[in-house]
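*Asks:* Build me a model:
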Amino acid sequence: MSTFLITGVSSGLGRAFARGALDAGHTVVGTVRREADLTAFEELAPGRAHGRLLDVTDDDAVFAVVAEAESAAGPLDVVIVNAGYGLEGVFEETPLAEVRAQFATNVFGAAATLQAALPFLRERRRGHLMAVTSMGGLMAVPGMSAYCASKFALEGMLESLGKEVRPFGIHVTAIEPGSFRTDWAGRSMTRAAHTIADYDELFGPIRAARLKASGNQLGNPEKAAEAVLRIVAEPNPPAHLVLGSDALRLIGAARAAVDEDIRAWEPLSRSTDFADGARIG
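*Replies:* Next up is the predicted model:
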């Protein structure tokens, strides 16, 4: 059995991942923001579910909690960075302070957690680091610019990190969920104030559809947990784990559009080289 550290286990996919690991017999250190959520989490599996209060935007607290978890419940085998939230609003309407707050949690909170855990895994030359990005980390939709930007940033961080720590026997996986039946569009969503009528025609129907779909999404959180536990057991887990048929479809379309731009503008891209090539030496 393994020891997991999972941030953001009070609800949603974080809760599903934690419950799945506990049901499989693993030990889970799970972080939450509120005392009531801590008690509810520990009641899932007394003795194996260890709750910790944590605000992932507090760097010192993150390092302290990870070190304490390693000492008290570890050694840590699997770290899943899940804590995060959505920020809805078209780019022009979204205050920069809210964009910075989005990055503070979704990017820098993840970075702090990963950095805090790395020395322990590197010393043991084994372990698995994961972070929940989103299908919005590989494709973008109107009205979610700050959220998608934070997830694109996290994707780049994880991909580079995976190449850095591969020689140490540490695996890194980006988990890219589509729409799952959680409260992501409810308690896990912040909405920028609507101030510009010009965007009503584009964004009004998108926001209405998202609210209508909340609680009725295609994805099953329990099956997402099963998928994550499956790759934990793999000797060669993927660097990217897309979850949900909607995510497969939308990410595939987005990547095809990028490929089409590259093909269409390849001659112009090549035209920027020096005619005599690179200077070496």
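*Asks:* could you dump the helix or strand containing residue 39 to CSV, C-alpha only?
*Replies:* Secondary-structure element containing residue 39, defined by DSSP states H and E: helix 35-42. Once non-C-alpha atoms are left out, helix 35-42 reads as follows in CSV (Å, rounded to 0.1, in the frame of the first residue of the first chain):
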residue,chain,number,x,y,z
GLU,A,35,-12.1,22.7,10.0
ALA,A,36,-15.5,21.1,9.3
ASP,A,37,-14.2,19.6,6.0
LEU,A,38,-11.1,18.2,7.9
THR,A,39,-13.3,16.2,10.3
ALA,A,40,-15.6,14.9,7.5
PHE,A,41,-12.5,13.8,5.5
GLU,A,42,-10.9,11.9,8.4
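*Asks:* Which is the succeeding secondary structure element to the host helix or strand of residue 52?
*Replies:* Applying DSSP H and E as the criterion places residue 52 in strand 49-53. For strand 49-53, the succeeding helix or strand toward the C-terminus, using DSSP H and E, is helix 59-72.
*Asks:* remind me which residues of the stretch 101-250 of the chain are low pLDDT?
*Replies:* The stretch 101-250 of the chain contains residues with pLDDT under 70 at 184-188, 211-213, 215.
*Asks:* All the strands of it, in order from the start?
*Replies:* Read by DSSP state E, counting those that start in this stretch, the stretch 101-250 of the chain holds these strands, from start to end of the chain: 127-132, 170-177, 189-191, 240-243.
*Asks:* what pairs with the strand holding residue 52, and is each one parallel or antiparallel?
*Replies:* When sheet partners are counted by DSSP bridges, strand 49-53 sits next to strand 27-32 (parallel).
*Asks:* hmm, who's touching the strand it pairs with?
*Replies:* If you take CB atoms under 8 Å, 6 or more residues apart in numbering as the criterion, strand 27-32 is touched by 1-10, 14, 18, 21-22, 38, 41, 45, 48-54, 56, 65, 69, 73, 76, 83. C-beta here means a position set from N, CA and C on the backbone, and glycine is covered the same way.
*Asks:* Then stretch 250-265?
*Replies:* Contacts of stretch 250-265 (CB under 8 Å, 6+ apart): 135, 138, 139, 140, 176, 178, 242, 269.
*Asks:* ok, back up a step: and the direction of the strand holding residue 52 versus that of helix 35-42, what angle?
*Replies:* Orientation check (axes from the mean of the first three to the mean of the last three CA atoms, to 10 degrees): strand 49-53 against helix 35-42 gives 160 degrees.
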